[in-house]
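I'll drop the sequence and a predicted model, then ask my questions.
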Amino acid sequence: MEAHVKDSRFPGQWAFFHFDASGKGTLIPRPADCYTCHEQHAAVDTTFVQFYPTLIPIAQAHGTYHPSDQ
(Lines give C-alpha, C1' and ligand atoms only; values in the text may rest on other atoms or scores of the structure.)
Protein backbone atom coordinates (compact mmCIF):
# COMPACT_ATOMS: atom_id res chain seq x y z
CA MET A 1 0.00 0.00 0.00
CA GLU A 2 1.16 3.54 -0.68
CA ALA A 3 0.03 6.89 0.66
CA HIS A 4 0.31 10.42 -0.72
CA VAL A 5 0.86 12.69 2.30
CA LYS A 6 0.61 16.48 2.41
CA ASP A 7 2.88 18.13 4.96
CA SER A 8 4.88 21.35 4.80
CA ARG A 9 8.01 19.50 6.02
CA PHE A 10 8.40 17.84 2.60
CA PRO A 11 9.74 19.50 -0.56
CA GLY A 12 6.72 20.61 -2.57
CA GLN A 13 4.63 19.94 0.55
CA TRP A 14 3.92 16.36 -0.57
CA ALA A 15 5.58 12.99 -0.08
CA PHE A 16 4.83 9.38 -0.95
CA PHE A 17 5.16 6.51 1.50
CA HIS A 18 5.15 2.75 1.00
CA PHE A 19 3.65 0.59 3.76
CA ASP A 20 4.72 -3.01 4.24
CA ALA A 21 2.56 -5.85 5.59
CA SER A 22 3.39 -4.90 9.18
CA GLY A 23 2.11 -1.35 8.61
CA LYS A 24 5.54 0.28 8.74
CA GLY A 25 5.76 3.28 6.42
CA THR A 26 8.86 4.17 4.43
CA LEU A 27 9.36 7.42 2.53
CA ILE A 28 9.62 6.96 -1.23
CA PRO A 29 12.46 9.33 -2.13
CA ARG A 30 12.48 11.79 -4.96
CA PRO A 31 12.91 11.55 -7.95
CA ALA A 32 10.58 8.51 -8.00
CA ASP A 33 8.21 8.53 -10.97
CA CYS A 34 5.16 9.07 -8.76
CA TYR A 35 6.34 12.61 -7.90
CA THR A 36 6.87 13.63 -11.52
CA CYS A 37 3.58 12.15 -12.71
CA HIS A 38 1.54 13.78 -9.94
CA GLU A 39 3.26 17.14 -10.45
CA GLN A 40 2.68 17.11 -14.21
CA HIS A 41 -0.77 15.58 -14.51
CA ALA A 42 -2.78 15.91 -11.32
CA ALA A 43 -5.62 18.40 -11.52
CA VAL A 44 -5.45 19.76 -7.96
CA ASP A 45 -2.40 20.24 -5.77
CA THR A 46 -0.72 17.06 -7.08
CA THR A 47 -3.85 14.94 -6.53
CA PHE A 48 -5.92 13.32 -9.25
CA VAL A 49 -9.37 14.72 -8.48
CA GLN A 50 -10.21 14.50 -12.17
CA PHE A 51 -10.94 10.81 -11.49
CA TYR A 52 -13.37 11.72 -8.67
CA PRO A 53 -16.12 13.82 -10.27
CA THR A 54 -17.71 14.76 -6.94
CA LEU A 55 -14.51 16.61 -5.99
CA ILE A 56 -14.31 18.73 -9.15
CA PRO A 57 -16.82 21.41 -7.99
CA ILE A 58 -14.93 21.78 -4.71
CA ALA A 59 -11.63 22.21 -6.54
CA GLN A 60 -13.24 24.73 -8.91
CA ALA A 61 -14.62 26.71 -5.98
CA HIS A 62 -11.13 26.91 -4.47
CA GLY A 63 -9.57 27.87 -7.80
CA THR A 64 -7.25 24.87 -7.77
CA TYR A 65 -8.75 22.80 -10.57
CA HIS A 66 -6.79 22.54 -13.82
CA PRO A 67 -9.12 21.17 -16.52
CA SER A 68 -6.21 20.82 -18.93
CA ASP A 69 -5.08 17.89 -16.78
CA GLN A 70 -8.14 15.76 -17.52
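In hand now; what should we look at? As the structure is a prediction and not an experimental result, all values here were calculated from the model. Residues are numbered from 1 along each chain as shown.

When you work out contacts or count neighbours from here on, use the C-alpha atoms and nothing else.
Will do.

Where does the residue of the chain positioned farthest from its centre sit: helix, strand or coil?
Distance from the C-alpha centroid of the chain, by C-alpha atoms, centre = their mean, peaks at Ser22 (23.6 Å). Assigned state for Ser22: coil (three-state reduction, DSSP: H, G, I helix; E, B strand; the rest coil).

Show the backbone phi and psi for it.
Per-residue torsions, Ser22: phi -80, psi -10 (degrees, to the nearest 10).

same check, this time on Glu2
According to degrees, to the nearest 10, Glu2 has phi -130, psi 160.

Use 382 as the first number from now on
In the new numbering, first residue 382, that becomes Glu383.

Please identify which helix or strand holds Gln421.
helix 414-422 (DSSP states H and E).

what does the next helix or strand after that helix rub up against?
Per DSSP H and E, the first helix or strand lying C-terminal to helix 414-422 is helix 437-442. The contact list for helix 437-442 (C-alpha atoms under 8 Å, 6 or more residues apart in numbering) reads Val425, Val430, Gln431, Tyr446.

for stretch 389-406, same thing?
Here stretch 389-406 makes contact (C-alpha under 8 Å, 6+ apart) with 382-388, 407-410, 415-416.

With secondary structure as added columns, please give these in TSV.
Shown next, in TSV, are the contacts of stretch 389-406 (three-state DSSP):
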residue	secondary structure
Met382	coil
Glu383	strand
Ala384	strand
His385	strand
Val386	strand
Lys387	strand
Asp388	coil
Thr407	strand
Leu408	strand
Ile409	strand
Pro410	coil
Cys415	helix
Tyr416	helix
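
Show me just the buried residues among those residues.
Among the contacts of stretch 389-406, those scoring as buried are His385, Ile409, Tyr416 (criterion: 16 or more other C-alpha atoms under 10 Å).

before we move on, the earlier item: okay, the contacts of helix 437-442 in CSV with pLDDT next?
What follows is these, written out as CSV (pLDDT from 0 to 100):
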residue, pLDDT
Val425, 79
Val430, 81
Gln431, 78
Tyr446, 80
